[in-house]
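[1] give the three-dimensional model of this entry:
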Amino acid sequence: MSPRAKSGIFVFAPIGGEVGARIAAVARQYDPRLAALDQAPHVTVAGSSGMGPIAPDTAREELDAAIGPIAATTAPITLRFGRPTRFMQTQIVVLPLDPHGPLRTLHERIKTSGLRAARPRFYFTPHVTLNLYRELPPELLISLLSERFDEAVTIDTLEAHLTRDTGESRSLASWKLGG
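    Here you go, the predicted structure:
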């Protein structure tokens, strides 16, 4: 696996409920290509920032052995989004999350679980992506940045996906948080 791979196994925490549905609707409106990937809005807990993708040849049993106990001993996590922001001087727009507290603990437990992974491309910066592929004209960018998602959301599931750098993804495993 290359040192800074963009493909491999990522661990997502889906955002469901009404807020997840609203985030998905906003993604469809502002970035149809992102919406066409047909993924639920999610926080990438492992595979992007803070920890690179897990080696793509990792067996399901190895994922279960490493992540299963972590999920079983982690309570569901309630999160609040910050205001939409542009990600590191790009046209990518995200809903930022606090990189500390239980979400950081979950990330660090997966990172130190012994799974083989590439080096991360960024420091741990948890978020939900609203716009990834589309370069937005200034008026649409202003409109997207004015969206608000003030309601608390609770993540209660982790999912492992084999993901290609093109955005295509295949679900490999899922675990309920149960601590």
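[2] shaky segments in this structure?
    Counting by pLDDT under 70, the low-confidence segments of the chain come to 1-6, 35-36, 166-167, 179.
[3] count the residues that sit near residue 109.
    18 (other Cβ atoms under 10 Å). Where C-beta positions appear, they are placed from N, C-alpha and C, glycine not excepted.
[4] gap between it and residue 163?
    Residue 109 sits 21 Å away from residue 163, going by Cβ to Cβ, to the nearest Å.
[5] which other residues reach the helix or strand where residue 105 lies?
    Under the assignment given by DSSP states H and E, the secondary-structure element containing residue 105 is helix 102-111. Contacting residues not belonging to helix 102-111 are listed as 11, 43, 45-46, 50-51, 66-67, 70, 74-75, 77, 79, 97, 117, 124, 126 [Cβ atoms under 8 Å, 6 or more residues apart in numbering].
[6] list the contacts for the residue nearest the centre of the chain?
    With the centre of the chain defined as its mean C-alpha position, the nearest residue by Cα atoms, centre = their mean is residue 44, 1.9 Å away. The neighbours of residue 44, taking Cβ under 8 Å, 6+ apart as the test, are 10-12, 126.
[7] distance check, it against residue 146.
    The span separating residue 44 from residue 146 equals 24 Å under the rule Cβ to Cβ.
[8] for residue 126, same thing?
    Remark: distance between residue 126 and residue 146 (Cβ to Cβ) = 22 Å.
[9] when those two are compared, which one has more neighbours?
    Comparing residue 126 with residue 146 by other Cβ under 10 Å, the one with more neighbours is residue 126, at 23 against 9.
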